[in-house]
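**Q** Build the 3D model from these lines:
(one chain, ligands or ions: 2)
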Amino acid sequence: MLVGNGKSIVNGIAIGKIKIYKEPERIINENTIDDPAAEVARYEAAVEKAIAQQNVLYEKAVKDAGKDIAEVFLVHAMMLEDDDLNDSVKEIITGQKRSAEYATQKGYANYAQMFADMDDPYMKARAADIIDIQGMVLDNLLGLDSASMQGTEPSILVADDFAPSQTVKLDKSLLLGMICREGSSNSHTAILARSMNIPALMQCKEVDDSWDGKDAIIDGKNGCVYIEPDADLRKVLTARHEEDLKKEALLQELKGKPSTTIDGYEVHVYANIGGPSDVGAVNQNDAEGVGLFRSEFVYLNSKEEPTEEEQFVAYKRVLESLAPKLVIIRTCDIGADKTIDYMNLDKEENPALGYRAVRICLTRKPFFKKQLRALLRASAYGHLGIMFPMIISVREVRECKEIMEECRQELIKEGYKIADNIQIGIMVETPAAVLCADELAEEVDFFSLGTNDLTQYTCAIDRQNAKLEPFSDTHHPAVLRAIKMTIEAGHRHGTWVGICGELGADTTLTETFLRYGVDELSVNPKSVLPLRKAIRSLDLSKPATVIGK
Ligand code: PEP
Ligand code: MG
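**A** Ligands and ions are numbered 1, 2, ... in the order given. This next block holds a predicted model:
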């Protein structure tokens with residue numbers, strides 16, 4: 001038995017025969033040609049066909065992986081229309097009197113190298129996209145069909161790397177798993193594999209052509225592949241695989257069904273996300289909306305403070321992809337454990353109790369206004385909720401709303417369209433907010449309980465300090481009472497109340513939260529369907545079976 005190790009993309013198990021996925025052999029005519037005009041025309045026709053193919057791939061990827069992830073193919077279509085790239089290829093054809101294939105090979109390779117030489121990791125990664133479209137243009141010129149490379153039997157495909165267009169073109173019903181010698185865990189291929197829920201290993205250096213046709217098992221949980229596994233291991237992993245499949249099938253049956261208890265109590269199950277790349281997971285797991293978009297990841301993923309335009313693009317992408325679902329974007333929650341160099345925040349004695357979240361925003365007004373303007377502009381593209389974190393007083397909420405109003409007036413004057421159905425809410429994650437919940441509820445449309453911070457502040461347990469684990473009780477009665485008080489206070493004033501902290505996904509507390517009257521639970525995308533299952537098995541007309549009632 002041989003073992004290969006790599007970076008696992010999906011936790012599951014894949015069992016099947018290995019198929020080495022090889023590019024079709026592209027034989028390029030390197031001789032000089034007589035009729036450059038005819039070659040230019042051939043090149044243009046091949047590019048046109050490749051653009052049409054990108055649009056087909058886009059439609060397929062929207063279905064398989066979601067609109068956001070599919071966008072790579074629109075980018076490819078745009079790259080294929082790039083004048084500089086096309087001029088450089090035509091220049092090789094006419095200047096050097098070479099075939100369209102030769103010019104495509106050289107011209108695209110130069111262009112890819114230009115991206116590969118860039119410092120910015122995002123731009124660097126675009127080199128792979130250029131190589132991808134180069135392959136399509138070449139196949140069109142040479143009359144090759146790469147779709148046939150997958151074969152007709154279900155298999156685990158192995159390659160040095162898969163281009164995004166290759167991944168999307170694969171017949172999913174025949175695709176058991178994927179293994180790449182190269183490829184980063186953030187490559188488009190990895191993103192596609194993740195959103196299609198296909199076990200995949202990246203950077204598996206042991207990949208070898210001799211694996212072709214052999215029995216194999218990918219163990220995504222342990223990031224490895226076993227080639228010709230022995231009988232005992234096969235038995236254990238097959239049992240785990242069957243168990244996973246059963247669970248998955250049960251969960252898939254819940255897609256499209258409401259999160260309603262047996263006695264008819266409906267609660268909305270939303271997803272927590274960190275940015276546009278999570279939109280596919282929201283759709284795949286059938287979340288009804290986004291209850292928490294941690295916008296600070298847009299800041300954390302950037303070397304410099306993101307501009308209004310950059311933020312607008314990120315928020316718009318999420319809102320547009322998920323419309324008409326509600327997407328609640330939390331304003332920047334920087335500070336405490338989330339520090340960023342360009343923010344120049346002082347080192348503090350007690351960062352969790354320090355200068356963070358809305359405290360930064362209210363004292364750095366231009367910074368806050370940039371985000372609010374981006375959010376308000378994006379609101380025209382979907383159903384937006386704006387949520388302020390770490391609130392402890394009515395004064396803070398009013399100030400946030402005043403600054404938002406100032407932004408709204410400016411934008412209207414500048415001619416921007418702003419939605420009129422934006423919901424405004426706050427995170428209830430401090431004991432102060434719980435105790436002032438009646439007054440705060442008068443100010444907003446919704447509350448979202450941030451149970452991670454609420455637990456840390458209520459129990460005076462630093463959530464970052466592993467030494468305190470023995471003292472920590474995630475079901476502490478004080479936290480449960482705080483949740484109950486908040487829900488009741490919200491409802492007294494017509495304010496809906498959700499939970500977006502980790503406790504929302506704790507199915508041992510689902511009955512408790514529903515009995516408290518919670519309106520929404522927002523959890524990581526993978527927990528959406530298990531939570532829906534838990535909700536649908538409850539009957540609140542029966543006596544309570546759990547703590548906290
Ligand atoms: C929380 O505090 O519960 C919460 C959802 O926010 P974060 O974990 O991002 O602080
Ligand atoms: Mg928090």
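
**Q** In the stretch 201-350 of the chain, which residue sits closest to ligand 2?
**A** Asp333 (6.3 Å; CB to the ion). Just so you know, the C-beta spots here come from the backbone N, C-alpha and C atoms, and that holds for glycine as well.

**Q** Check the secondary structure at that residue for me.
**A** coil (DSSP: H, G, I helix; E, B strand; the rest coil).

**Q** show me the contacts for it.
**A** Arg294, Ser295, Glu296, Arg356, Ala357, Pro389, Met390 (CB atoms under 8 Å, 6 or more residues apart in numbering).

**Q** closest to Tyr108 among those residues?
**A** Ser295 (36.9 Å; CB to CB).

**Q** and this protein, which of its residues are near ligand 2?
**A** Counting by CB under 5 Å from the ion, the residues of the chain close to ligand 2 are Glu429, Gly450, Asp453.

**Q** tell me the least confident of these?
**A** Among these, Asp453 carries the weakest pLDDT, at 94.

**Q** so how far is ligand 1 from that residue?
**A** 3 Å (CB to the nearest ligand atom, to the nearest Å).

**Q** That residue - how many residues pack around it?
**A** 22 (other CB atoms under 10 Å).

**Q** Ok, Thr307 next?
**A** Burial measure for Thr307: 12 neighbouring residues, criterion other CB under 10 Å.

**Q** and the host helix or strand of Asn283, what other elements does it pack with?
**A** If you go by DSSP states H and E, Asn283 is part of helix 279-284. Here helix 279-284 touches helix 67-80, helix 188-196, strand 268-273, helix 308-322, going by 3 or more CB pairs under 8 Å, 6 or more residues apart in numbering; DSSP states H and E.

**Q** and the stretch 151-300 of the chain, which residues reach ligand 1?
**A** With CB under 6 Å from any ligand atom as the criterion, the stretch 151-300 of the chain meets ligand 1 at residues Leu292, Arg294.

**Q** Quick check: pLDDT value at the residue lying closest to Gly223 once chain neighbours are set aside.
**A** The shortest distance from Gly223 to any non-neighbouring residue, by CB to CB, 6 or more residues apart in numbering, is to Ser8 (4.0 Å). For Ser8, the pLDDT comes out at 91.

**Q** now do Gly425
**A** Taking Gly425 on its own, its pLDDT is 98.

**Q** name the helices or strands packed onto the following helix or strand past the helix holding Asn283?
**A** Using DSSP H and E, the helix or strand that follows helix 279-284 in sequence is strand 290-294. Packing partners of strand 290-294 (3+ CB pairs under 8 Å, 6+ apart): strand 268-273, helix 308-322, strand 326-330, strand 520-523.

**Q** Could you save these as TSV and add columns showing mean pLDDT?
**A** Conversion of the helices and strands packed on strand 290-294 to TSV gives the following (pLDDT from 0 to 100):
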stretch	mean pLDDT
strand 268-273	96
helix 308-322	94
strand 326-330	98
strand 520-523	97
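
**Q** Figure out which of the ones you listed is closest to Glu414.
**A** helix 308-322 (11.5 Å).

**Q** Please tell me how far that closest one is from the chain's geometric centre.
**A** Put simply, helix 308-322 sits 13 Å off its chain's centre (CA atoms, centre = their mean, to the nearest Å).

**Q** buried set for it?
**A** Neighbour-count burial for helix 308-322 flags Gln311, Phe312, Ala314, Tyr315, Lys316, Arg317, Val318, Leu319, Glu320, Ser321, Leu322 (criterion: 16 or more other CB atoms under 10 Å).

**Q** Residues of this protein that sit close to ligand 1?
**A** Counting by CB under 6 Å from any ligand atom, the chain sits next to ligand 1 at Leu292, Arg294, Asp333, Glu429, Gly450, Thr451, Asn452, Asp453, Cys500, Gly501.

**Q** ok now do the closest residue to Gln54 other than its chain neighbours, which residues does it touch?
**A** Nearest residue to Gln54, sequence neighbours excluded (CB to CB, 6+ apart): Ala77, at 4.1 Å. The contact partners of Ala77, by CB under 8 Å, 6+ apart, come to Ile51, Gln54, Asn55, Tyr58.

**Q** Kindly report the same for Trp496.
**A** Trp496 neighbours (CB under 8 Å, 6+ apart): Asp445, Phe446, Phe447, Gly490, Asp519, Glu520.

**Q** can you do 6 Å?
**A** Going by CB atoms under 6 Å, 6 or more residues apart in numbering, Trp496 touches Phe446, Asp519.

**Q** Would you report the backbone torsion angles of it?
**A** phi -80, psi 150 (degrees, to the nearest 10).

**Q** confidence score at it?
**A** For Trp496, pLDDT reads 98.

**Q** Could you do Ser146 as well?
**A** What the model reports as pLDDT for Ser146 is 66.

**Q** can you check the one 10 residues further on too?
**A** At Ile156, the predicted lDDT confidence score is 95.

**Q** ok, the residue of the stretch 301-450 of the chain found nearest ligand 1 to Gly66 distance?
**A** In the stretch 301-450 of the chain, the residue that lies nearest ligand 1 is Gly450 (3.0 Å; CB to the nearest ligand atom). Distance, Gly450 to Gly66, using CB to CB, to the nearest Å: 27 Å.

**Q** Run the chain-centre distance for the host helix or strand of Gly16.
**A** Using DSSP H and E, Gly16 sits within strand 13-20. Its chain's average C-alpha position is 27 Å from that of strand 13-20, according to CA atoms, centre = their mean.

**Q** what's the answer for stretch 330-340, then?
**A** So, by CA atoms, centre = their mean, the centroid of stretch 330-340 is 19 Å from its chain's centroid.

**Q** and that stretch, how far apart are its ends?
**A** Terminal residues of stretch 330-340 are spaced 17 Å apart (CA to CA, to the nearest Å).

**Q** what number of residues lie near Asn29?
**A** 13.

**Q** Please name the residues that touch it.
**A** Neighbouring residues of Asn29 by CB under 6 Å, 6+ apart: Ser99.

**Q** I'd like the average pLDDT over the strand or helix carrying Glu402.
**A** Using DSSP H and E, Glu402 sits within helix 394-413. Average pLDDT, helix 394-413: 98.

**Q** Direction included, what does the helix or strand just after it pair against?
**A** Next in sequence after helix 394-413, counting helices and strands by DSSP H and E, comes strand 423-428. Next to strand 423-428 in the sheet, as set by DSSP bridges, lie strand 383-388 (parallel), strand 446-449 (parallel).

**Q** any chance of these in CSV, with distance to Gly494 and mean neighbour count too?
**A** CSV is the format used below for the strands paired with strand 423-428 (distance: least, CB to CB, whole Å; neighbours: other CB atoms under 10 Å):
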stretch, distance to Gly494, mean neighbour count
strand 383-388, 16, 24
strand 446-449, 10, 28
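
**Q** Could you dump the ones you listed into TSV with mean pLDDT added?
**A** Below are the strands paired with strand 423-428 laid out as TSV (pLDDT from 0 to 100):
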stretch	mean pLDDT
strand 383-388	98
strand 446-449	98
